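> pasting the structure only:
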């Protein structure tokens, strides 16, 4: 078929026609909203680099979670800001830790909302790294024990899904064993299977108070130049019985999203990270872009690339746009 007999514009003429032939659809059900739970009371502190996103004490976080649920967003992912930090991140796996208490409050007050918990040590260690430090670097195997304890404590508190983001080798198997051995074989693991050492994380470190006090995380997070390594990482997590795979960040890694989607049949999650969010907010504040159109185009692009679910700070905005609010 060639022009002029074939004219591609025929099915683009009206909004109704465009909707009829649209290949990919973004739904409210595809969205997951990140939330930051802070120790204390009466806290609602906006993160300067992330307009509209807050560190919140539990009572305020629960109130926002009600709003999230009312918008039809099915899930939140929780990050914690504890009262105290120490070299081994004790609050991460304490029964009275900030996330454990937040889980209980959410399951009591908004029980229909799916609660996903970040399983990592960086928010809870005084050095800001994702595990136990030995000889100036994170020690993989001793960190696995703490991650397993953290995931188990989240499950005991009522978490629906645990999501390890640490990038230690063998962590999915360690978490699966700990959960299964303690009566939580029904709890899914959402693996940050492909997590790059990215400059796009900058604002998140303000949000979670998790900036490393020395060095960086390149010895355990992936090199942004690598593509084939992503397949190996995902395959390892599939073998260790992950229930979801994730690619993080999303915007600069569309090729990786497609690679993972084509090779594995587990649900695929992408994380539209803090730097991606903040760039849109900053450009929109300058009047350089149309905020709402860019948000929806970006999220739809993730779906087109292969994402099943999208963790995004734009979740509430996107839900309102999808519902015409």
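Good, I have the coordinates. Small disclaimer: the values here were computed from a predicted structure and weren't measured. Residues are numbered from 1 along each chain as shown.

> C-alpha from now on. contacts and neighbour counts both.
Fine.

> Can you give me the distance of residue 86 to residue 303?
40 Å (Cα to Cα, to the nearest Å).

> quick one: which of those two has more around it?
Each of residue 86 and residue 303 has its neighbours counted (other Cα atoms under 10 Å); residue 303 has more, 24 against 12.

> for the more buried one, what are its contacts?
By Cα atoms under 8 Å, 6 or more residues apart in numbering, residue 303 lies in contact with 24-26.

> likewise residue 116?
By Cα under 8 Å, 6+ apart, residue 116 lies in contact with 75-78, 159-163.

> Listing partners with orientation, what would you give for the helix or strand it falls within?
Here residue 116, judged by DSSP states H and E, is contained in strand 114-119. Sheet pairing of strand 114-119 (DSSP bridges) gives strand 75-81 (parallel), strand 161-164 (parallel).

> so where do the strands sit in this protein?
31-38, 44-47, 50-56, 75-81, 114-119, 133-134, 137-138, 161-164, 190-195, 244-248, 268-272, 309-312 (DSSP state E).

> who does the second one touch, helix- and strand-wise?
To tie it back to what came earlier, the one meant is strand 44-47. In terms of contacts (3 or more Cα pairs under 8 Å, 6 or more residues apart in numbering; DSSP states H and E), strand 44-47 is packed against strand 50-56.

> quick one: average pLDDT of the strand it packs on?
When pLDDT is averaged over strand 50-56, the result is 96.

> Now do the helices in the stretch 151-300 of the chain.
Applying DSSP state H, counting those that start in this stretch to the stretch 151-300 of the chain gives helices spanning 171-181, 202-207, 228-239, 254-263, 274-285, 291-305.

> tilt between the last one and helix 254-263?
Spelled out, it's helix 291-305. Interaxial angle, helix 291-305 versus helix 254-263 (axes from the mean of the first three to the mean of the last three Cα atoms, to 10 degrees): 40 degrees.

> Distance from the chain centre to helix 291-305, please.
Relative to the chain's own centre, helix 291-305 is displaced by 17 Å; criterion: Cα atoms, centre = their mean, to the nearest Å.

> What of the shortest one?
Taking Cα atoms, centre = their mean, the mean C-alpha location of helix 202-207 is offset from the chain mean by 13 Å.

> quick one on the thing from earlier: got a quick ChimeraX command for the buried subset of the contacts of residue 303?
Here is the ChimeraX command that selects the buried residues among the contacts of residue 303 (16 or more other Cα atoms under 10 Å):
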select :26
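
> now, among the contacts of residue 303, which is nearest to residue 254?
Distance to residue 254 across the contacts of residue 303 (Cα to Cα) is lowest for residue 24, with 15.2 Å.

> quick one: contacts of the least confident helix or strand in the chain by mean pLDDT?
Using mean pLDDT, DSSP states H and E, helix 202-207 stands out as the lowest-scoring helix or strand of the chain, at a mean of 78. Helix 202-207 has contacts (Cα under 8 Å, 6+ apart) with 36, 47, 49-50, 54-55, 211, 273-275, 278.
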